[in-house]
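S.K.: Quick one, what's the 3D model for this:
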Amino acid sequence: MTGMMLYFALGLMVLTVLSNRYWRRQLVVTRIAMSKLKEKVDDVTKEVADVASDYAQLAHHHAEMEKRVQKAEIDMQAAILELDQKKSSAMQRYFVFDRNEPRPGRFWEVAVRCHPTGVSLSDQRGYRGWTGIRRYLLIADGDREARERVAARYPRKAGFEIVEVAGCRLNGLTVNRISELSTFRKPGKPEEDGAVARPQRRATSAQS
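M.R.: Residues are numbered from 1 along each chain as shown. Got it, this is the predicted structure:
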């Protein structure tokens, strides 16, 4: 009877050892699975945070774009209104001094009035008058040079009078000081450098 009890106790002890080893392995496996699951949860949490940040940025950009669209619509309405006003207003004509070579400087606007009354036919010969005031656009370094150039072409003795000399009020008129990049002519060919310049053309009219 004692031997059977000993064998039973030994078997129970062996079963307990095996059971402990099994459950220890299961505990290690569970801990590894929990660690992997925690890593996945951390990754998902990070991705959610990134998505939330991207969404916040997109929402901010969307709000900015809405503001820009509203501003663009307001500017467009203002531009349409200004265009309608300009269409209904009287047209102002400008006359341009044509040149064969580019001239550095800025654009000037010179108003010239023609009143041939009291002028002799000899002084008026060779000049073609007009009614009212003409505004000429020309390029010069200063208002004095602009006045002198216009006065040389339309002298007072022939019945012309310079009413005003001011900086050009037309938008977008600029002159590059590098002659090769001037908007008034294309770069000439090498064989054309020594060519004789053609005579100056008469003033042509430009409308704005």
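S.K.: element containing V165, please.
M.R.: strand 160-167 (DSSP states H and E).
S.K.: Buried residues of that strand, list them for me.
M.R.: 160, 162, 165 (16 or more other C-beta atoms under 10 Å). Just so you know, the C-beta spots here come from the backbone N, C-alpha and C atoms, and that holds for glycine as well.
S.K.: gap between the second one and A152?
M.R.: Put plainly, it is I162. Here the distance between I162 and A152 works out to 11 Å (C-beta to C-beta, to the nearest Å).
S.K.: excluding its backbone neighbours, what's nearest W108?
M.R.: Once flanking residues are discounted, W108 sits nearest to A146: 4.0 Å by C-beta to C-beta, 6 or more residues apart in numbering.
S.K.: what's the one you found in contact with, if anything?
M.R.: Contacts for A146 were tallied using C-beta atoms under 8 Å, 6 or more residues apart in numbering; they are 108, 110, 138, 140, 165.
S.K.: is it fair to say it lies in a helix?
M.R.: Yes. Using DSSP: H, G, I helix; E, B strand; the rest coil, the assignment for A146 is a helix.
S.K.: Out of the contacts of A146, which is nearest to A63?
M.R.: Proximity of these to A63, judged by C-beta to C-beta, is greatest for W108, which lies at 46.6 Å.
S.K.: wait, what's in contact with the closest one?
M.R.: By C-beta under 8 Å, 6+ apart, the neighbours of W108 are 137-140, 143, 146, 165-168.
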